[in-house]
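Asker: Pasted the sequence and its predicted model underneath.
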Amino acid sequence: YLAGLLSQQGYHVALFDWELDGRDHRDRYGSLFGVDMPANVFYTRCSRPMVHEVDRLQRIVRSQQIDYAIFDSVGFACHEAPETAAAALGYFQAVRRLGIGGLHIAHITKGEQGDQRPFGSTFWHNSARATYFLKATEDASPRTVGVFCRKHSIAKYLPRPFGYEVVVDGDRTTFRRCEVADVPELAQRLTVRQRMRAALQHGSLSAEELAAALDVPVNTIYTTARRGTEGAHAWLTRIPGPDGVTRFGLLARGSGHVQ
């Protein structure tokens, strides 16, 4: 889906695939875009580790004038156990030789905080410019995938989490943007600050109302609010009410106005 969106913008995109095959991806691509599927997506089947495939992939990047590539998936492209430092460093050294941007898909480990870093490894996390964790709902319909940024080296702030509703209707699959905070199963992965921001998008609320809406102690709301109203990066303001109740509202970005 992401490859198709980039192709629609005029980029030449490669899919370097260690998992499925061309026919499987062709079927998926057709279900996403139908007869209007963008043409500038070049598929390549890979069978060896990245450190051994890189010369061939360099030739493909040059001959097809590739701007961006998607690598699926990293575990199969490693020349050593994925959780080792040598696997991460060797992989990224090879990728750098391609000279293009890329999206690298990796599976998480089941250990503690396995959703924080690819393979639970600091080396994978630190070597990437940005890392995102994707979590799909289990039984909800339509199924929703939440996208949570864990690191972004060049952004001033971490991008807000967002989601996609994945709707399958016959032989077509549609992605629709949605708010993670509106999906209870995914909202649990948001911080209290993120959940407060989402709740206040609809208008100001008191601490007690926020605590009830988020199902957290009211003291947690006050602690988060105190941090959100202080300093140069304040995002929250207190609003005294005529009924004597103080409510909280969002500040519009770059201003002192209540949003």
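Answerer: In hand now; what should we look at? Residues are numbered from 1 along each chain as shown.
Asker: Show me what the residue lying closest to residue 200 once chain neighbours are set aside is bridged to.
Answerer: Nearest-residue entry for residue 200: residue 250, 4.8 Å, with adjacent residues in sequence omitted and distances by Cβ to Cβ, 6 or more residues apart in numbering. (Glycine included, C-beta is placed from N, CA and C.) Beta-bridge partners of residue 250, counted by DSSP bridges, are residue 236.
Asker: Dump the helix or strand hosting residue 31 to PDB, restricted to CA.
Answerer: Secondary structure assignment for residue 31, by DSSP states H and E: helix 22-33. Extracted in PDB, the C-alpha atoms of helix 22-33 (Å, rounded to 0.1, in the frame of the first residue of the first chain):
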ATOM      1  CA  GLY A  22       5.900 -12.000  -7.000                       C
ATOM      2  CA  ARG A  23       2.500 -13.500  -7.600                       C
ATOM      3  CA  ASP A  24       1.400 -13.100  -4.000                       C
ATOM      4  CA  HIS A  25       2.400  -9.400  -4.000                       C
ATOM      5  CA  ARG A  26       0.800  -8.900  -7.400                       C
ATOM      6  CA  ASP A  27      -2.500 -10.200  -6.000                       C
ATOM      7  CA  ARG A  28      -2.200  -7.900  -3.000                       C
ATOM      8  CA  TYR A  29      -1.300  -4.900  -5.100                       C
ATOM      9  CA  GLY A  30      -4.300  -5.500  -7.400                       C
ATOM     10  CA  SER A  31      -6.700  -5.800  -4.400                       C
ATOM     11  CA  LEU A  32      -5.400  -2.400  -3.100                       C
ATOM     12  CA  PHE A  33      -5.500  -0.300  -6.200                       C
END
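Asker: how about that helix: buried residues?
Answerer: Buried residues in helix 22-33, counted by 16 or more other Cβ atoms under 10 Å: 25, 29, 31, 32, 33.
Asker: From the chain's centroid, how far away is the helix or strand that that helix is followed by?
Answerer: Downstream of helix 22-33, the first helix or strand assigned by DSSP H and E is strand 41-45. Here strand 41-45 shows a centroid-to-chain-centroid distance of 23 Å under the convention Cα atoms, centre = their mean, to the nearest Å.
Asker: Equivalent analysis for stretch 194-213, please.
Answerer: Distance, centroid of stretch 194-213 to centroid of chain: 24 Å (Cα atoms, centre = their mean).
Asker: Return the set of buried residues in it.
Answerer: Within stretch 194-213, the residues that count as buried by 16+ other Cβ under 10 Å are 194-200, 204-207, 209-211, 213.
Asker: Kindly report the same for stretch 98-114.
Answerer: By 16+ other Cβ under 10 Å, the buried positions in stretch 98-114 come out as 98, 100, 102, 103, 104, 106, 108, 109.
Asker: what helix or strand does residue 203 sit in?
Answerer: Going by DSSP H and E, residue 203 is not part of any helix or strand.
Asker: ok, it to residue 248 distance?
Answerer: Residue 203 sits 10 Å away from residue 248, going by Cβ to Cβ, to the nearest Å.
Asker: Touching, the residue nearest to residue 200 and residue 239? I think so.
Answerer: No - contact criterion Cβ atoms under 8 Å: residue 250 and residue 239 do not qualify, at 10.5 Å.
Asker: Give me the more crowded residue out of these two.
Answerer: In this view residue 250 and residue 239 are compared by other Cβ atoms under 10 Å, and residue 250 has more residues nearby, 19 against 13.
Asker: what are the pairing partners of whichever strand in the chain runs longest, and which direction each?
Answerer: Looking across the chain with DSSP state E, the single longest strand is strand 143-152. Strand pairing for strand 143-152, determined by DSSP bridges: strand 130-136 (antiparallel), strand 162-169 (antiparallel).
Asker: quick one, helices of the stretch 1-150 of the chain?
Answerer: Using DSSP state H, counting those that start in this stretch, the helices of the stretch 1-150 of the chain run over residues 2-8, 22-33, 50-63, 85-96, 122-127.
Asker: Quick one: closest of the ones you listed to residue 219.
Answerer: helix 122-127 (32.5 Å; Cβ to Cβ).
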